[in-house]
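A.B. asks: Quick check, what structure comes out for this input:
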Amino acid sequence: MAAKTNTQRPGFLFVACPDVQILLATIEEQARIHAPANGPFKRVCFWGDEAPGNTFWEALTVRDLFGSMRLVLVRQANLWNTQTWKTLDKMLSRPLAGSFPVFCVENDWEKGRLKLPAALAKLRCVQFATKQGWLLSHPGLTDKTIRGYVKEQAQLRGLALDTLTMNTLCENTPRQAGVVCAELDKLTLLAKPGQPVTVDMLGTAEWSPEAQVFGCISCLLKGDAKGTWRELARVTDMDNAALQLLGLLVWNFRTLWLMLVGDPAPRSFTLTPALASRIGATKLARCLELVMDAEAAIKTGSPARQTMEMTFSELLMLFGKPV
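C.D. replies: Just a heads-up that it's a prediction; the model follows:
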């Protein structure tokens with residue numbers, strides 16, 4: 001993400017990107033660049049799908065007793081209401097000596113262009129951040145940006161991709177940075193030192209369905225029915241992908257269940273306690289029951305695609321409105 005060069009730590013940052021992997025990588029880079037002289041930031045994280053409570057306001061304004069600088073991260077800050085942003089607008093107009101706030105704007109872009117929510121676009125703090133270079137933005141992976149991202153990530157891993165391999169990756173891999181990085185990590189294990197990666201190492205028939213599996217689950221958990229059916233249709237080898245898909249569903253449902261009872265989720269888990277609360281224990285139990293029934297049906301001879309389509313149809317009724 002491009003930003004103006006600042007000799008001092010910004011008063012605050014807005015990071016706008018719909019791709020979680022790129023978003024978090026940008027935040028880690030900024031945390032490293034602007035780390036306090038006496039050690040790393042003390043980090044606290046909040047989510048925009050819940051109204052900020054006293055803990056948030058104290059993290060923002062109250063100095064740490066031991067003098068540590070806090071990195072106050074707000075994920076999905078674009079979900080906060082207008083009144084919350086008006087309060088923050090006033091607060092951000094003056095220096096915050098003990099905290100470094102970072103607000104993540106994670107809504108989708110329109111035709112490759114950043115479109116800030118109305119509650120944000122008119123704020124003085126956003127306009128000031130734009131002028132100062134404190135608004136970092138990246139459209140995520142698109143047909144235009146994926147080649148540069150693949151090249152950058154391959155170089156970081158010491159991989160040399162020939163032209164055919166690069167073209168195949170860029171044409172077939174879903175526009176999700178996490179999927180791209182996972183595929184390059186596999187190639188790192190396969191490639192011999194000093195030799196270029198060739199297209200036969202991709203094993204396209206193996207990884208293309210897997211890539212769509214992640215996209216399918218992501219859309220389901222967001223309640224995005226159109227996206228779920230689109231990604232499910234792109235899984236070309238459902239006979240091999242079905243059990244992997246069911247296993248990932250179980251992992252996600254169990255993690256939501258743990259969040260529901262107050263246990264922390266893994267750092268890589270991008271969903272929120274608010275989603276777990278909205279779904280509730282009864283629906284999560286039903287989700288797990290549907291997955292178990294689907295697995296039993298496939299293992300006893302039912303067609304994998306038909307079984308998965310029936311299962312997702314029922315799951316969408318729990319997570320969102322089907323189309």
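A.B. asks: So which elements touch the lengthiest helix in the chain?
C.D. replies: Assignment by DSSP state H gives helix 273-299 as the longest helix of the chain. Other helices and strands packing on helix 273-299, by 3 or more Cβ pairs under 8 Å, 6 or more residues apart in numbering; DSSP states H and E, are helix 238-260, helix 304-319. C-beta coordinates here come from the backbone N, C-alpha and C atoms, glycine included.
A.B. asks: got the buried residues for the last one?
C.D. replies: Going back to what we said before, that points to helix 304-319. Neighbour counts using 16 or more other Cβ atoms under 10 Å place 304-305, 307-308, 311-312, 315-316, 318-319 of helix 304-319 among the buried residues.
A.B. asks: where does the chain have low pLDDT?
C.D. replies: 1-7, 66-67, 194-195, 199-212, 236, 264-272, 321-323 (pLDDT under 70).
A.B. asks: which residue ranges form the helices in it?
C.D. replies: 20-33, 54-61, 82-91, 118-121, 124-132, 146-156, 163-172, 177-190, 204-221, 225-234, 238-260, 273-299, 304-319.
A.B. asks: on that earlier part again, same question for the longest helix of the chain: list its buried residues.
C.D. replies: By neighbour count on 16+ other Cβ under 10 Å, the buried set for helix 273-299 is 273, 275-276, 279, 283-284, 286-287, 290-291, 294-295, 297-298.
A.B. asks: repeat for stretch 51-60
C.D. replies: Buried residues in stretch 51-60 (16+ other Cβ under 10 Å): 52, 56, 59-60.
A.B. asks: Now render the residues you listed as CSV, adding distance to residue 77.
C.D. replies: Converted to CSV, the buried residues of stretch 51-60 look like this (distance: Cβ to Cβ, whole Å):
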residue, distance to residue 77
52, 10
56, 11
59, 14
60, 13
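A.B. asks: Could you break this protein into its assigned domains?
C.D. replies: 13-137, 141-202, 212-263+270-323 (automatic domain parsing).
A.B. asks: Tell me which of the helices of the chain approaches residue 10 most closely.
C.D. replies: helix 124-132 (6.8 Å; Cβ to Cβ).
A.B. asks: In the closest one, which of the residues would be classed as buried?
C.D. replies: Those would be 125-126, 128-129, for helix 124-132 by 16+ other Cβ under 10 Å.
A.B. asks: any chance of these in CSV, plus distance to residue 91?
C.D. replies: Below are those laid out as CSV (distance: Cβ to Cβ, whole Å):
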residue, distance to residue 91
125, 9
126, 14
128, 13
129, 14
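A.B. asks: Looking at these, which one is closest to residue 229?
C.D. replies: residue 126 (35.8 Å).
A.B. asks: What count of nearby residues applies to the nearest residue to that closest one once chain neighbours are set aside?
C.D. replies: Distances taken as Cβ to Cβ, 6 or more residues apart in numbering put residue 120 closest to residue 126, at 5.3 Å, once the chain neighbours are dropped. Using other Cβ atoms under 10 Å, residue 120 has 21 neighbouring residues.
A.B. asks: Residue 120 against residue 81, yeah?
C.D. replies: No. The pair residue 120 / residue 81 is not scored as a contact, 11.1 Å apart, by Cβ atoms under 8 Å.
A.B. asks: how close does the residue lying closest to residue 25 once chain neighbours are set aside sit to residue 222?
C.D. replies: Nearest residue to residue 25, sequence neighbours excluded (Cβ to Cβ, 6+ apart): residue 177, at 7.8 Å. Using Cβ to Cβ, to the nearest Å, residue 177 is found at 17 Å from residue 222.
A.B. asks: From the neighbour counts alone, determine which of these two ranks first.
C.D. replies: For residue 177 and residue 222, the more surrounded residue by other Cβ under 10 Å is residue 177, and the numbers stand at 24 against 14.
A.B. asks: Quick check: residue 159 touching residue 185?
C.D. replies: No. Look at residue 159 against residue 185 with Cβ under 8 Å: they stay out of range, at 9.9 Å.
A.B. asks: More neighbours: which of those two?
C.D. replies: Using other Cβ under 10 Å, the more surrounded residue of residue 159 and residue 185 is residue 159, with 19 against 12.
A.B. asks: Who are the contact partners of the residue nearest to the more buried one when sequence neighbours are not counted?
C.D. replies: Distances taken as Cβ to Cβ, 6+ apart put residue 197 closest to residue 159, at 5.5 Å, once the chain neighbours are dropped. Taking Cβ atoms under 8 Å, 6 or more residues apart in numbering, we find residue 197 in contact with 154, 159-162, 165, 187, 190-191.
A.B. asks: quick one: which of these is most hemmed in?
C.D. replies: Of the contacts of residue 197, with other Cβ under 10 Å as the count, residue 161 tops at 23 neighbours.
A.B. asks: does that residue really touch residue 150, like I thought?
C.D. replies: Yes. At 7.4 Å, residue 161 and residue 150 qualify as touching, with contact defined as Cβ under 8 Å.
A.B. asks: Much appreciated, bye for now.
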